[in-house]
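1. sequence below, structure please.
(one chain, ligands or ions: 1)
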Amino acid sequence: MSILSRPEFHDEQAAYDYVESKLWPAGPVCPKCGENERTTKMQGASTRIGTYKCRACRKKFTVKVGTIFESSHVAMNLWLQAIYLMCASKKGVSSNQLHRTLGVTLKTAWFMSHRIREAMRDDTLRNFGAGGGMVESDETYMGKTQGLGKGPHLSKKRKILALVDRDTKQVRSMVVDNVDVKTLMPIITENLAREAQLMTDQAQHYKKIGKAFSAHHTVNHGIKEYVNKEDPTIHSNTVENYFSVFKRGMKGVYQHCKKENLHRYLAEYDFRYNYRAKNEYTDAQRADVALLGVVGKRLTYQRAN
Ligand SMILES: [Zn+2]
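-> Residues are numbered from 1 along each chain as shown. Next up, the predicted model:
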């Protein structure tokens with residue numbers, strides 16, 4: 001059976017049932033007072049799908065309260081379709097594609113995709129390299145160079161830092177203001193265990209940053225050394241591969257990314273990378289993880305209009 005035939009993609013009640021089963025594994029929880037015993041599902045023709053009444057505080061609620069779905073009029077089954085599509089496609093799905101596939105307006109598709117990126121966002125600090133594992137760190141630049149070649153204009157481009165834990169196969173990337181010791185040192189030390197072995201290229205700023213960890217190994221990209229000949233574990237190819245997937249996706253799918261949204265796209269690519277097939281997640285399981293992330297993200301989302 002095609003996964004797209006599943007009832008929660010087509011029927012709104014089935015979609016609510018599905019979301020409730022994931023967000024309320026122990027039954028409905030009142031968002032106002034936390035009651036989860038004395039709640040009643042409201043029935044009747046004029047009742048909105050998914051409405052419950054709390055018999056403790058008398059308030060009505062649905063599973064949408066406090067999630068990215070709140071105050072959206074998009075049918076829940078369309079939300080589940082959008083989440084699935086964004087989770088299943090390695091390079092992402094443009095708002096234009098969502099607009100055409102889901103039959104919602106372009107504006108609605110744009111809001112949905114940014115909210116889903118919020119659901120995918122994970123800002124928790126990491127402990128990469130715990131137990132002495134290898135962590136690759138690297139930066140990349142995005143934006144037009146206009147044929148200037150290498151030089152001071154790099155400072156005008158958007159800068160991205162990515163850290164990859166080779167043992168857990170997890171990435172964490174972020175937009176950074178500058179590529180220097182002052183900016184990168186606190187970010188890297190916050191997300192890496194002290195016993196980590198840091199793998200980088202020979203960029204100047206890593207000389208100092210590398211001293212914060214149990215070991216620091218480098219490859220010299222300047223002389224086209226990408227893997228150390230004596231010790232082939234010394235390289236930064238994993239993080240560079242992450243950047244290449246991100247850049248190809250951004251070029252192909254998201255041509256018009258504004259600076260203030262770049263971190264949201266990074267969250268999306270980090271999410272798919274961290275829950276990729278190689279880490280033993282199916283598309284459906286990845287979509288379920290994203291669904292768990294819808295909670296508590298609503299307040300951090302700034303409406304653009
Ligand atoms: Zn209540």
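2. all contacts plus neighbour counts: C-alpha atoms, from now on.
-> Noted.
3. where along this structure do the strands fall?
-> Using DSSP state E, the strands assigned to the chain run over residues 39-41, 52-54, 60-61, 134-142, 158-165, 170-176, 197-201, 215-219.
4. the shortest one and the ion in contact?
-> The reference is to strand 60-61. No: interface with the ion: strand 60-61 contributes nothing (CA under 5 Å from the ion), its closest point being 8.0 Å away.
5. and that strand, what other elements does it pack with?
-> strand 52-54 (3 or more CA pairs under 8 Å, 6 or more residues apart in numbering; DSSP states H and E).
6. same thing with the second one?
-> Here strand 52-54 is seen to pack against strand 39-41, strand 60-61 when contacts are counted using 3+ CA pairs under 8 Å, 6+ apart.
7. about what we covered before: deepest of the strands of the chain, which one?
-> Mean neighbour count (mean count of other CA atoms under 10 Å) peaks for strand 197-201 among the strands of the chain, with a mean of 26.
8. state the paired neighbours of that one in the sheet, together with their directions.
-> Paired strands of strand 197-201, with direction, are strand 134-142 (parallel), strand 215-219 (parallel) (DSSP bridges).
9. Thr47: neighbouring residues, count only.
-> Using other CA atoms under 10 Å, Thr47 is surrounded by 11 other residues.
10. helices of the stretch 201-305 of the chain, residue ranges please.
-> Here the stretch 201-305 of the chain has its helices, by DSSP state H, counting those that start in this stretch, at 205-209, 237-252, 262-274, 283-292.
11. buried stuff in the first one?
-> Which is helix 205-209. 206, 209 (16 or more other CA atoms under 10 Å).
12. and the residue nearest to Glu35 when sequence neighbours are not counted, its phi and psi?
-> Sequence neighbours aside, Val29 is the residue nearest to Glu35 in space, at 5.7 Å (criterion: CA to CA, 6 or more residues apart in numbering). Here is the backbone geometry of Val29 (degrees, to the nearest 10): phi -120, psi 130.
13. so who does Val29 touch?
-> Listed by CA atoms under 8 Å, 6 or more residues apart in numbering, the contact set of Val29 reads 35-37, 39.
14. could you dump the strands of the chain into TSV with mean pLDDT added?
-> Below are these laid out as TSV (pLDDT from 0 to 100):
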stretch	mean pLDDT
strand 39-41	96
strand 52-54	97
strand 60-61	96
strand 134-142	95
strand 158-165	96
strand 170-176	96
strand 197-201	96
strand 215-219	95
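15. generate TSV for those, with distance to Ala14 as supplementary columns.
-> Listed next are these as TSV, based on distance: least, CA to CA, whole Å:
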stretch	distance to Ala14
strand 39-41	15
strand 52-54	16
strand 60-61	18
strand 134-142	42
strand 158-165	38
strand 170-176	33
strand 197-201	48
strand 215-219	52
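16. the ones you listed: which one's closest to Ile3?
-> Among the strands of the chain, strand 170-176 comes nearest to Ile3, with 27.0 Å by CA to CA.
17. what's that closest one in contact with?
-> With CA under 8 Å, 6+ apart, strand 170-176 has contacts from 158-165, 183-184, 262-263, 266-267, 270, 273-274.
18. CSV for the contacts of Val29, including distance to the ion?
-> Shown next, in CSV, are those (distance: CA to the ion, whole Å):
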residue, distance to the ion
Glu35, 5
Asn36, 8
Glu37, 10
Thr39, 8
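19. list only buried entries from these.
-> Burial by neighbour count, judged by 16+ other CA under 10 Å, picks out 36, 39 from the contacts of Val29.
20. neighbours of Ile49, how many?
-> Using other CA under 10 Å: Ile49 sits among 17 other residues.
21. and it, what is it in contact with?
-> By CA under 8 Å, 6+ apart, the contact list for Ile49 reads 12-13, 16.
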